[in-house]
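Visitor: Turn this into a structure:
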Amino acid sequence: MSLSDDLQKEIAEIFAAQWSKREGQVVPEPKDIALKNDAVELDATVLYADLSKSTALVDSSKAHFAAEVYKAYLHGAAKVIKSENGVITAYDGDRVMAVFIGDSKNTSAVRCALKINYVVKKIINPALKKQYLSSTYEVQQTIGVDTSKLFVARTGVRGDNDLVWVGRAANYAAKLCDLPPEYPSWITKAVYDCMAKDVKTSSDGKAMWEAMTWTSMNKMAIYRSNWTWLV
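Guide: Here you go, the predicted model:
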């Protein structure tokens, strides 16, 4: 049987097979979901942390310098995510995806975003400048956070597969990373409405978030911030 014949048969089976679904209480791993039409549904908050202008960095810098920036940013973001009980679900070049579940998922994800901003501004950039005195490069990044029901399935082929996260939160969190890095943290109204007061307003009563309109996404209400949170 040719590859074409195999694909026609297998893809027809994907569309024809009934789905087996169950509510999830933890963030699943690939081994928890069958490769057939099997899925876990989660109420979850998704965070994407993305290194801004990475193409320009690669084009204008030596490979080892760009690699060090990638490593420093992703290492810092990952450590913060884990400290806030987020589960890292994917690394994709210059970005990392994390999922938060539970009653405080929105607050944890938002505090995580503010902490990553602190790491970039107060730890990574000073360390970079100390090592490379003549460099004018400054790390910039954008984080997107959204919350929704997620449909988690396993995709790929036997021996080479991973999870796919289907739902608004995964899609919108990634798209928010395309917004300007001058405000590194972007969240949807759904997240803002459910997060705790201490990540909305500072201890002296100042608003930490500014309401905006996401023009390219049907004028959706979103919020942006350039605040940091001490790690």
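
Visitor: Kindly export whichever strand in the chain runs longest (C-alpha atoms) in PDB.
Guide: Looking across the chain with DSSP state E, the single longest strand is strand 141-157. In PDB, the C-alpha atoms belonging to strand 141-157 read as follows (Å, rounded to 0.1, in the frame of the first residue of the first chain):
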ATOM      1  CA  GLN A 141       9.100  40.700  25.100                       C
ATOM      2  CA  THR A 142       5.400  40.400  25.000                       C
ATOM      3  CA  ILE A 143       3.100  38.200  27.100                       C
ATOM      4  CA  GLY A 144      -0.500  37.300  26.200                       C
ATOM      5  CA  VAL A 145      -3.000  35.800  28.700                       C
ATOM      6  CA  ASP A 146      -6.500  34.500  28.000                       C
ATOM      7  CA  THR A 147      -8.900  32.100  29.700                       C
ATOM      8  CA  SER A 148     -11.500  29.700  28.300                       C
ATOM      9  CA  LYS A 149     -12.500  26.100  28.000                       C
ATOM     10  CA  LEU A 150      -9.800  24.000  26.200                       C
ATOM     11  CA  PHE A 151     -10.200  20.800  24.200                       C
ATOM     12  CA  VAL A 152      -6.900  18.900  24.500                       C
ATOM     13  CA  ALA A 153      -6.100  16.200  22.100                       C
ATOM     14  CA  ARG A 154      -3.100  14.200  21.000                       C
ATOM     15  CA  THR A 155      -1.800  14.700  17.500                       C
ATOM     16  CA  GLY A 156       0.900  13.300  15.300                       C
ATOM     17  CA  VAL A 157       2.000   9.800  14.500                       C
END
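
Visitor: strand partners of it, parallel vs antiparallel please.
Guide: In the sheet, strand 141-157 lines up against strand 38-51 (antiparallel), strand 160-166 (antiparallel), strand 185-188 (parallel) (DSSP bridges).

Visitor: Give me the buried positions along that strand.
Guide: 141-148, 150-154 (16 or more other C-beta atoms under 10 Å). C-beta: built from backbone N, CA, C; applies to glycine.

Visitor: same deal with stretch 222-231?
Guide: I222, Y223, R224, S225, W227, T228, W229.

Visitor: Just send those residues back as JSON lines, with secondary structure too.
Guide: Listed next are the buried residues of stretch 222-231 as JSON lines, based on DSSP: H, G, I helix; E, B strand; the rest coil:
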{"residue": "I222", "secondary structure": "strand"}
{"residue": "Y223", "secondary structure": "strand"}
{"residue": "R224", "secondary structure": "strand"}
{"residue": "S225", "secondary structure": "strand"}
{"residue": "W227", "secondary structure": "coil"}
{"residue": "T228", "secondary structure": "coil"}
{"residue": "W229", "secondary structure": "coil"}
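
Visitor: quick one on the thing from earlier: just put the strands paired with strand 141-157 in a markdown table and tack on mean neighbour count and mean pLDDT.
Guide: Output for those, formatted as a markdown table (neighbours: other C-beta atoms under 10 Å; pLDDT from 0 to 100):
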| stretch | mean neighbour count | mean pLDDT |
| --- | --- | --- |
| strand 38-51 | 24 | 96 |
| strand 160-166 | 15 | 89 |
| strand 185-188 | 28 | 98 |
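
Visitor: for those strands, which one sits closest to A174?
Guide: Counting by C-beta to C-beta, A174 lies closest to strand 38-51 out of the strands paired with strand 141-157; the figure is 4.9 Å.
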